[in-house]
Each structure stands twice: as structure tokens, then as C-alpha cells.
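Trainee: Structure for the following, please:
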Amino acid sequence: MIRSTVMALSLATLTLANPAAARFERLHDMGGHDGMDTYSRVLIHDNTLYTTAVRGGAVDKGTLLALDLNTGATQVLHHFTGVNGRSPFNLSAVLDGSIWGVTRSDEINYGGMLFRYEIATGVVSYEHRFGGGGDAGHHLLYGPMALDGVLYGTTNQGGTTDNGTLYRYDPATGLLETLHHFASGSGTRPFGGLIEHDGWLLGTVSDITLREQDDPPNTEKGGLFRIRPDGSDYSLVYAFEGGDSGGHPYSNLSHDGGDWFYGTTLGEYNNLDDQGVIFRIRTDFSEYQVIHNFGARDDDGSKPNGDILISTDDGKLYGFAHGTLTAPLGDGSPVFGEAVEAGTLFSLNPDGSDFDVLHRFDSPENGLVPERTPALRNTTLYGAAAHGGDNASTDRPDGMGTLFAWHIEGAVDEALSPAEEGTEKTTDNAATGAFGSVWLVGLWMACAWRRWHKR
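Mentor: Residues are numbered from 1 along each chain as shown. I've put the predicted structure just below:
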């Protein structure tokens, strides 16, 4: 009896003192009617996760959808029709009670749309139709950022040299102004958005000098730029060199609140030893460091195309690697080849130490192709995978996409109601204390039983 009691208490010890390992949870599998191919970041606002799907919906032009983190219920908020935009990408800003985003294209000017979703009323409105050329460019791949009541964003193409633009939009007046036309020699084709720091807007360009096919290769593999919010004083502040030092950024910078910006580069598709890096650079641009290189062929992922999430709780950096460098052969052994669209969720310390693959997106069950940047809420990371899930189709036999959660250290993120927000969550110390109490009570019971048995 004592042995059984001690064994049961030992199991309680393992449960309380060493919580279950962090785990992956699929929250919603896309089904086509509600969208498919979730190539977008997720945005969390007031206990609701918002995201977009670039395909699917009523006419296969994409959807805007929401997932209630309290109940798990999903709702399609809007079906894009093509005329009002298609292939919505990357919700990015909450301003004046609305969530803002962009579509990559539309079926009138083929330039894309800037749209807003008013949370209180559920109304979607289209604020600006991009037309290319001397307008504000076209081919929008990243949503705008909000600063002082106005929005700032980039286009990947269009403008006076067809290399993209940087624009400002004022919701109060409905006026859009092009602040900068990207041009060969000073930075071209931005894929990311913008951040603000110390009176500057900062962003990334995927290339610096456009080259013809027969031109000799150069060492300019994209760069970092800054510009004043009024469009003045544009300059490149760093040029990537490719290879082990990184090249071709497709994401935003992230600021740690101190002396460093963090970011990722995608690398080159035709170079197995250039599969992207994680870097940091001083806020005065005086020092650049690569803190992780995905070209070492150690199955840690490849092709990071999203921002670095900096956690203020544990000090860790989190992110997604869009692909996985190794592909298994039929016998299960790895072979090095082209990057496979699978991906990883990773974490590391700000100095690059303790890099860890938290999850491998390697099957429909585990999700495939994680996109952009995870969102952190309480003790849980959230994100979208473009493929995977249980709902397959003819052109998506590996699944139409999934929304997922990663519970850090096994702690399920129980959604807080607005009245509960800010209340203290149970910590590992609290769990350890609970274990101690249970163990002492159990030991007392075992001893009491033994004394009773001897009578």
C-alpha cells in the first residue's frame, strides 16, 4: 500500500514539478469555403486572432477571418471578389477601431487595395486602389504601420522606376501621398514593411542595384534604409553582402527597446549554403552581427521570411523558418537538396546562443510552410501555416492551411476576459510550491497509514 501511495505521489510530482513539454495545437484547419493558403501573419486584438487567406472563399479570391480565442469559433468576416481586391496579405495595424491590411492585386488596375475592417460594425471598406506607374506603386506584400494617426507602407513594384514606393495615407482625409520612389543604386523592391525609431522610418530592400541577366554578379544583396516621416533624408544605412553574412531581406526590423535591431534574410534560392540568417545591428548602425546562419545544413530550417518576435517575458527571440533544407529519402535518411516547403518554429537568445527548434512543420498533421511572424499572447505563440491540416483538395493534397498555437512549456493559454486581463498567471514557482504541498500531505498520509496498520 505504501509503495502504491509513493508511486502515485511520484506521478503527481512529475505532473506538477515538471509540466508537460511545450506542444503544438491546430486550432482551425482551412476548408476552402473559409479560405485557403494562409500566407499571412496573424494579428491578435481583444482575445481575437485575425488573419487572411490569399485564396478560397466565395469566388476563390481570398478571405478575411477571425478566430475567437475564448471559444475557438471561427468566422469569415469578408470574401474578396477580385474587383475589390484579391490575395489579401498581412494585416498589420489597428488604428481608430479598425484593422488595416492590403491585397496584392485587384481586377481593375491590378495594383492592389488598401482596406480596413471596422471592428465594432464589421464593415469592410476600401480606402485606396493602387494603380502602378507614377501613382503609389503596386504589388502590395506588407500591410501599413500606424504612426501619429496616419499609415505608412511600401509597395514592391510600381512608381517612377517600377522598383516600388513608400507611401503615407491619412484616414481622416482619404489622401495618399507617395513619399519615395525606390530606384536602382539606392535600394529596390521592398518586401517588408516599416518600423519607427527615434524620428525615422526604417525598412528593408531586397536588392540595391538591378542587373541585367548577362551582367557580372555584385555583392549588393539588399539593404536597410531609413527616411523621415515627411519623405526627406532617405539613405541606405547598411548593405548586405550575401553568403554567410546574409542577403535579400524579406521582413521588417524588430527593436529590442535598447541598442539593437533584429531581422532575417531569405538568402538565395540557387545557393544551398545561403539559406538565410538571423542578424542584429546596432541602432546607430555601427555594428552588424549574424547570430544564426541557416546554411550549415543541420536541419534547423531555411528561408526565414518573417520578422523576429522579441519576448519581453523570457527575453527569447522567436521566429519561423519558411522551409526546411533537408528532405527525407524513401528509407527515411536525409538528403540535401533544394529547400523543401515545410519549415520550423525556433527560439534563441539575443546573442544567438541556445538556438532551439521548437516545432517542425513537416506533415499535414503538424502544418506545412509557416508564414511571416508568430504572435505572442500570455504563454502561447500563435501563427498560420499556408498548407497542412485535415482538409485536402485536388490542388492542395497536403491541406489548405491551418491556424495553430504553440504552448510554451506546456502551459495552455486560457483566454482572459477583459475583466481578468492583467491578473497574475500561475508560474513554474507556483507549480513547484503546489508540488511541495501535495508531497508533504501525501507523506503524512502514508506515515499515518503505516502507524494505523501496525496497531
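Trainee: need the next SSE after the helix or strand where residue 90 lies, C-terminal direction.
Mentor: For residue 90, the element it lies in under DSSP states H and E is strand 86-95. Using DSSP H and E, the next helix or strand after strand 86-95 towards the C-terminus is strand 98-105.
Trainee: Paired strands for that following strand, with orientation please.
Mentor: strand 86-95 (antiparallel), strand 113-118 (antiparallel) (DSSP bridges).
Trainee: between the ones you listed, which gets nearest to residue 357?
Mentor: strand 86-95 (24.7 Å; C-beta to C-beta). Quick note: C-beta positions are derived from backbone N, CA and C, even for glycine.
Trainee: In terms of position in space, what residue lies nearest the middle of this protein?
Mentor: What sits nearest the mean C-alpha location of the chain, by C-alpha atoms, centre = their mean, is residue 373, with 1.0 Å.
Trainee: Please enumerate the helices of the stretch 351-455 of the chain.
Mentor: In the stretch 351-455 of the chain, the helices defined using DSSP state H, counting those that start in this stretch lie at 428-454.
Trainee: shaky segments in it?
Mentor: Along the stretch 351-455 of the chain, the parts satisfying pLDDT under 70 run over 410-455.
Trainee: Residue 179 is in contact with residue 231, correct?
Mentor: Yes: counting by C-beta atoms under 8 Å, residue 179 is a contact partner of residue 231 at 3.3 Å.
Trainee: Overlap in contacts, the two.
Mentor: 166, 168 (C-beta atoms under 8 Å, 6 or more residues apart in numbering).
Trainee: So the two - more neighbours on which side?
Mentor: residue 179 (18 against 15; other C-beta atoms under 10 Å).
Trainee: Helices of the chain, residue ranges please.
Mentor: 2-17, 428-454 (DSSP state H).
Trainee: Next up, the contacts around the residue nearest to residue 318 when sequence neighbours are not counted.
Mentor: Excluding the flanking residues, the one nearest residue 318 by C-beta to C-beta, 6 or more residues apart in numbering is residue 309, at 4.4 Å. Residues near residue 309 by C-beta under 8 Å, 6+ apart: 254, 317, 318, 319, 373, 374, 375, 376, 381.
Trainee: same thing with residue 278?
Mentor: Contacts for residue 278 (C-beta under 8 Å, 6+ apart) come out as 262, 263, 264, 290, 291, 292, 304, 308, 317, 319, 348, 352.
Trainee: Swap in 7 Å and give it another go.
Mentor: Contacts here follow C-beta atoms under 7 Å, 6 or more residues apart in numbering; on that basis residue 278 touches 264, 291, 292, 304, 308.
Trainee: out of those, which are inside strands?
Mentor: 264, 291, 292 (DSSP state E).
Trainee: Dump those to JSON lines, plus pLDDT, distance to residue 66 and neighbour count.
Mentor: Output for the ones in strands among the contacts of residue 278, formatted as JSON lines (pLDDT from 0 to 100; distance: C-beta to C-beta, whole Å; neighbours: other C-beta atoms under 10 Å):
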{"residue": "264", "pLDDT": "97", "distance to residue 66": "28", "neighbour count": "31"}
{"residue": "291", "pLDDT": "98", "distance to residue 66": "35", "neighbour count": "19"}
{"residue": "292", "pLDDT": "96", "distance to residue 66": "34", "neighbour count": "21"}
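Trainee: which one among those residues gets closest to residue 131?
Mentor: Nearest member of these to residue 131, counting by C-beta to C-beta, is residue 264, at 31.3 Å.
Trainee: which ones are touching the closest residue to that closest one other than its chain neighbours?
Mentor: Closest residue to residue 264 apart from its sequence neighbours, by C-beta to C-beta, 6+ apart: residue 304 at 3.9 Å. Neighbouring residues of residue 304 by C-beta under 7 Å, 6+ apart: 264, 266, 276, 278, 294, 319, 320, 321, 322.
Trainee: what does residue 185 give?
Mentor: 208, 209.
Trainee: what's the pLDDT at it?
Mentor: According to the prediction, residue 185 has pLDDT 90.
Trainee: quick one: it from residue 205, how far?
Mentor: Plainly put, residue 185 is 11 Å away from residue 205 if you go by C-beta to C-beta, to the nearest Å.
Trainee: try residue 243
Mentor: 18 Å.
Trainee: what about these two, which has more around it?
Mentor: residue 205 (26 against 17).
Trainee: Bridging across strands, which residues link to that one?
Mentor: residue 223.
Trainee: mind putting the contacts of residue 278 in CSV, distance to residue 143 included?
Mentor: Putting those into CSV (distance: C-beta to C-beta, whole Å) gives the following:
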residue, distance to residue 143
264, 18
291, 27
292, 27
304, 19
308, 18
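Trainee: Closest one to residue 39 out of those, please.
Mentor: Using C-beta to C-beta, the contacts of residue 278 come closest to residue 39 at residue 304, 14.6 Å.
Trainee: State the distance from that closest one to residue 263.
Mentor: Residue 304 is 9 Å from residue 263, by C-beta to C-beta.
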